[in-house]
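Chemist: predicted model follows, preceded by the sequence.
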Amino acid sequence: MRKAEPRQLSLAIADSPSGSGIAELTDASERRSMLLHKARSRKTSGSATGAADTSQLLEEVASEANLATALLNVVRNKGAPGRDGQTVDMAEAKATSIIGRLRRELLNGKYRAGDVRRVWLPKAGGGRRGLGIPNIVDRVVQQAVLQVLEPIFEPVFHDSSHGFRPKRGAHTAIAEASKYLKEGYQTIVDLDLASFFDRVHHQRLLARIAQRVKDQRIITLINLMLKAAVVMPDGTRVAPQEGTPQGGPLSPLLSNIVLDELDRELARRRLRFVRYADDSNIFVRSERAGQRVMSSIRDFLERRMRLQVNEEKSGMRTPNEVHFLGFRFRCPKGEGGDVVVLLSRKAEQRLRAKVREMTPPTWGRSIASCIADVSRYLVGWMSHYRLCSPDAVQMLGVIDAHIRRRIRAIIVCQRKRPRFLFRHLISKGVSRKAAAGCAYCGKGRWAKSNRPGMTRAYPPAWFAGRLASLKTVWGELNHPPASAQLSLGF
């Protein structure tokens, strides 16, 4: 057990007036303790954030406590290195110099955001999504700005906005959508914005921030972040004229500030809607009303907000057709009746595709390692989709059976020859007749994976203690079912 004296000494040094106020520590646990100590000092000392006077916010952004809290949050979130190659561990080891340098540069106006590294990730529905990865020190500055601005903007955001907000998320979004469906608003206008993060108009965004932030230095700082050069994978350096790159801590707040204008317009028209980031669903009673709303909101987005609607992915949907945060709905016609939250067809297809990717027939390692990898993914996946109603459990059982069969197919492949598979099945206690019927059936690995010999050697009971089951995990996460507990909570 670590003695108390070294930690107390480090905290005493951290509070000393010399230097940046943060001790140069070589031990990782002591550095983390120091950052936690400084983060607590920000909470206990109080702040001006959220007050009427927002003309001196830069001093709060650049305060030692706020920067220490920001660095701690960036370290906790991990993430890939930026353009300069610095990792979060390297940044944590240099906490003293980083916080001191950033504090000085922010206050004297010499801070300049470094280049942003562009990476491309495939979208589930096709195409690519561009992420902008800032350097670690730039992430710290973004996080520091976020910690000061979020309490200012959070109270004025609309209640129907649920993405990237404290105490909100998919559960509150699905709860509100279910409420509108139960009230009889069962035609859904599904709005998808084309390349939203790449099309954000800088001056419009800064003007909206300036409505609530009077410190012009903060506006200038955010403008520097928006104008940071983007380095493409081929090394090309691009100066962005519009857009806010996904990947930085500040991007979600900036997107909510932009789209709050849309929220206010929908509310002004007394429309019922749910928005999660750039994914918006508007609930109306009829198809004719949906057509009118789609036409008028498209004009508002394109002419007023200078954003583009993705015509291919937008349109009117029934509750059963919609794909909202990976869910679809089943509900009786008209008002009243229970709304059932189900896994969307796209979400099911994506899960099966991911399982297929994780269980290739040419798996070269042990079955135990394959099962461990798949189990970790399924538990994380289910933590989001636990919102499904009990009616969805049957489908989860079907997917569980499919996953077990995928793993049996790998076992078949690893035995290479029929005689090796035959001997293996015998060793697992399968009768010679059933083992021969599987090993020598003349079929491929997929057919053999479902033959009686394989299902007797590897029944569901064999997987129960090894492979995570979606049905079981859903049951563990739902006491009572999460869908029955859905509430807006605000």
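Modeler: Perfect, thanks for sending it. Numbers count the residues shown, from 1 in each chain.
Chemist: show me which helix or strand of this structure is least confident by mean pLDDT.
Modeler: Least confident helix or strand, the chain: helix 4-14 with a mean of 35, by mean pLDDT, DSSP states H and E.
Chemist: average pLDDT for the helix or strand where Ile297 lies?
Modeler: Assigned by DSSP states H and E, Ile297 belongs to helix 287-299. In this model, helix 287-299 has a mean pLDDT of 95.
Chemist: what pairs with the helix or strand following it, parallel or antiparallel?
Modeler: The C-terminal neighbour of helix 287-299 among helices and strands, as given by DSSP H and E, is strand 315-317. In the sheet, strand 315-317 lines up against strand 187-192 (antiparallel) (DSSP bridges).
Chemist: got the angle between the partner strand and helix 287-299?
Modeler: Interaxial angle of strand 187-192 relative to helix 287-299 (axes from the mean of the first three to the mean of the last three Cα atoms, to 10 degrees): 20 degrees.
Chemist: Provide the contact partners of strand 187-192 at residue level.
Modeler: Outside of strand 187-192, the residues within contact range by Cβ atoms under 8 Å, 6 or more residues apart in numbering are 278-287, 289-290, 293-294, 297, 309-310, 313-319, 322, 324. C-beta here means a position set from N, CA and C on the backbone, and glycine is covered the same way.
Chemist: follow-up on the earlier one: send the alpha carbons of the helix holding Ile297 over as PDB?
Modeler: In PDB, the C-alpha atoms belonging to helix 287-299 read as follows (Å, rounded to 0.1, in the frame of the first residue of the first chain):
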ATOM      1  CA  GLU A 287     -49.100  12.000 -44.900                       C
ATOM      2  CA  ARG A 288     -50.400  15.300 -46.400                       C
ATOM      3  CA  ALA A 289     -49.100  17.200 -43.300                       C
ATOM      4  CA  GLY A 290     -45.800  15.400 -43.600                       C
ATOM      5  CA  GLN A 291     -45.400  16.500 -47.200                       C
ATOM      6  CA  ARG A 292     -46.100  20.100 -46.300                       C
ATOM      7  CA  VAL A 293     -43.600  20.000 -43.400                       C
ATOM      8  CA  MET A 294     -40.900  18.300 -45.500                       C
ATOM      9  CA  SER A 295     -41.200  21.000 -48.200                       C
ATOM     10  CA  SER A 296     -41.200  24.000 -45.900                       C
ATOM     11  CA  ILE A 297     -38.400  22.700 -43.600                       C
ATOM     12  CA  ARG A 298     -36.300  21.900 -46.600                       C
ATOM     13  CA  ASP A 299     -36.600  25.500 -47.800                       C
END
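Chemist: report all helices and strands that it contacts.
Modeler: strand 187-192, helix 251-268, strand 279-284, strand 315-317 (3 or more Cβ pairs under 8 Å, 6 or more residues apart in numbering; DSSP states H and E).
Chemist: could you look over those and pick the most buried one?
Modeler: Highest mean neighbour count among the helices and strands packed on helix 287-299 (mean count of other Cβ atoms under 10 Å): strand 279-284, with a mean of 23.
Chemist: what pairs with that one, parallel or antiparallel?
Modeler: Strand 279-284 is paired, per DSSP bridges, with strand 187-192 (antiparallel), strand 272-276 (antiparallel).
Chemist: returning to what we had before: is it possible to get CSV of the helices and strands packed on helix 287-299 that adds distance to Gly337?
Modeler: Below are the helices and strands packed on helix 287-299 laid out as CSV (distance: least, Cβ to Cβ, whole Å):
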stretch, distance to Gly337
strand 187-192, 16
helix 251-268, 26
strand 279-284, 16
strand 315-317, 19
